[in-house]
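Participant: Here is a sequence together with a model predicted from it:
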Amino acid sequence: MTAEFIVESLDACLEKFIPSDAQELKEITKILYGKSLQKIEISKAENIACTNNFELKGYKFVALTEQLRKPRIVRVGLIQNSIVLPTSAPIEEQRNALHARIGTIIESAASLGVNIICLQEAWTMPFAFCTREKFPWSEFAESAEDGPTTSFVQKLAARCNMVIISPILERDESHGEVLWNTAVVVSNSGKVLGKHRKNHIPRVGDFNESTYYSEGNTGHPVFETYFGRIAINICYGRHHPQNWMMFGVNGAEIVFNPCATVGDLSEPLWYIEARNAAIANSYFTCAINRVGTEIFPNAFTSGDGKPEHRDFGYFYGSSYVAAPDGSRTPGLSRVRDGLLVAELDLNLCRQIKDYWGFQMTQRLDLYAKSLMDAVKPDYKSPIIKE
Ligand SMILES: NC(=O)NCCC(=O)O
């Protein structure tokens, strides 16, 4: 039997097959990634990354020096990971194992001076929504304010002086105990700053999430943290340019995009969407995807004619950061757990706004009026025919 062929990383492929001193490598890198990024010093955490088997990469985005404003330097961390225990293990053991693994990676990020870190979508659990089974998966849901995961994250955030974005399956105990797909934002003080609930719920392939929760009701909040103004566009929301736009309109400087998505469905879209959002909205974007293949105890189907199966396909990782000038980091591995650290100068957001003028030239008033008309029941689209 031949071993399955796996491309570990697109970026590593380039380095493998184009000689490092070839002129082509420089040119191709510039075309693919934009302005070249310096690597940052990560040796402090390399040992722990090696012992704990996760990839570690670090890059720096620079901005022009200004006369009146000091640089606004912030380090962000993106964590991608596979589940630790099989999906058949007791719920609490699965969650605790993930807490322990991610705790180790967050501590490494702290040693590299990371100020804001974001975990992947529904990081405390397997992405079990494909199954449409309510039990036992709904038992992973917990309070955003004082559930076990938020308590765990609060302690880490205070100890590491780090803002932590913790996307979980939320149980809203004050409103009929319903579930939501929620990102909890914990401040570097350890307090819960707030939460955002996923605005767009997929109904595609095995993404049967609408069986569990509805579209979020928290709008497009921007969280003013000690290190900068941040927002979260959860997974499928990345296909909606208006969702990205509203976080920009509301003043975000960094938008995190915690995801769980699989190769056959979305990999060709992956490097385009968050990067395009960074360009269109003059902010930084951080796209994070889980890794691995999760096998569930019972076979399921999704009404698409495919034979029953017990897995979702492979989650392809490839987390990356994109800047308002269109440059981006290489992605993390497609198969390994990893921590990507990026140093940003938030002054770049305004500099790019001044340079490209997208905020000045956009026509929000015109779109608002056109959209108000388009949502009326008696709307007729203004198609002009001969
Ligand atoms: N988790 C989630 O929203 N996935 C949907 C698939 C995708 O957007 O690529």
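Facilitator: Thanks, I have the structure now.
Participant: Just say helix, strand or coil for residue 46.
Facilitator: At residue 46 the chain is in helix, as set by DSSP: H, G, I helix; E, B strand; the rest coil.
Participant: Residue 197 pairs with what?
Facilitator: Going by DSSP bridges, residue 197 is paired in beta bridges with residue 182.
Participant: Contact partners for residue 345?
Facilitator: Contacts for residue 345 (CB atoms under 8 Å, 6 or more residues apart in numbering) come out as 61, 62, 63, 71, 72, 73. (C-beta placed from N, C-alpha, C; glycine too.)
Participant: How many residues are close by the residue nearest to it when sequence neighbours are not counted?
Facilitator: Closest residue in space to residue 345, ignoring its immediate chain neighbours: residue 63 at 3.9 Å, by CB to CB, 6 or more residues apart in numbering. Around residue 63 sit 21 other residues, with neighbours defined as other CB atoms under 10 Å.
Participant: Next: the one 10 residues further on.
Facilitator: Using other CB under 10 Å as the criterion, residue 73 is surrounded by 18 other residues.
Participant: give me the element the residue in the stretch 1-150 of the chain positioned nearest to the ligand is part of.
Facilitator: Going by CB to the nearest ligand atom, the ligand is nearest to residue 121 of the stretch 1-150 of the chain, at 5.5 Å. Using DSSP states H and E, residue 121 falls within no helix or strand.
Participant: wait, residue 56 sits on residue 339?
Facilitator: Yes - Residue 56 lies in contact with residue 339 (CB atoms under 8 Å); the separation is 5.3 Å.
Participant: if I look at these two, which residues touch both of them?
Facilitator: In terms of CB under 8 Å, 6+ apart, residue 56 and residue 339 are both contacted by the residues 45, 49, 108.
Participant: Would you mind giving the residues you listed as CSV with distance to residue 226 and neighbour count added?
Facilitator: Below are these laid out as CSV (distance: CB to CB, whole Å; neighbours: other CB atoms under 10 Å):
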residue, distance to residue 226, neighbour count
45, 22, 23
49, 27, 19
108, 21, 24
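Participant: Need those residues in JSON lines (columns: distance to residue 273 and pLDDT).
Facilitator: Shown next, in JSON lines, are those (distance: CB to CB, whole Å; pLDDT from 0 to 100):
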{"residue": "45", "distance to residue 273": "29", "pLDDT": "98"}
{"residue": "49", "distance to residue 273": "28", "pLDDT": "98"}
{"residue": "108", "distance to residue 273": "28", "pLDDT": "98"}
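Participant: Inside strands: which ones of the contacts of residue 345?
Facilitator: Among these, DSSP state E puts residue 73 in strands.
Participant: on that earlier part again, pLDDT score for the residue nearest to residue 345?
Facilitator: Looking at residue 63, its pLDDT reads 98.
Participant: just residue 25 next, same as before
Facilitator: 87.
Participant: Can you classify it as helix, strand or coil?
Facilitator: helix.
Participant: Identify the residues contacting it.
Facilitator: 14, 15, 18, 19.
Participant: Please apply the same query to residue 18.
Facilitator: Taking CB under 8 Å, 6+ apart, one finds 24, 25, 28 in contact with residue 18.
Participant: how about the first one, what does it touch?
Facilitator: Applying CB under 8 Å, 6+ apart to residue 24 gives the contacts residue 18.
Participant: now the strands: where do they sit in the stretch 51-200 of the chain?
Facilitator: Under the criterion DSSP state E, counting those that start in this stretch, the stretch 51-200 of the chain contains strands at 55-60, 73-80, 116-118, 163-172, 178-186, 192-197.
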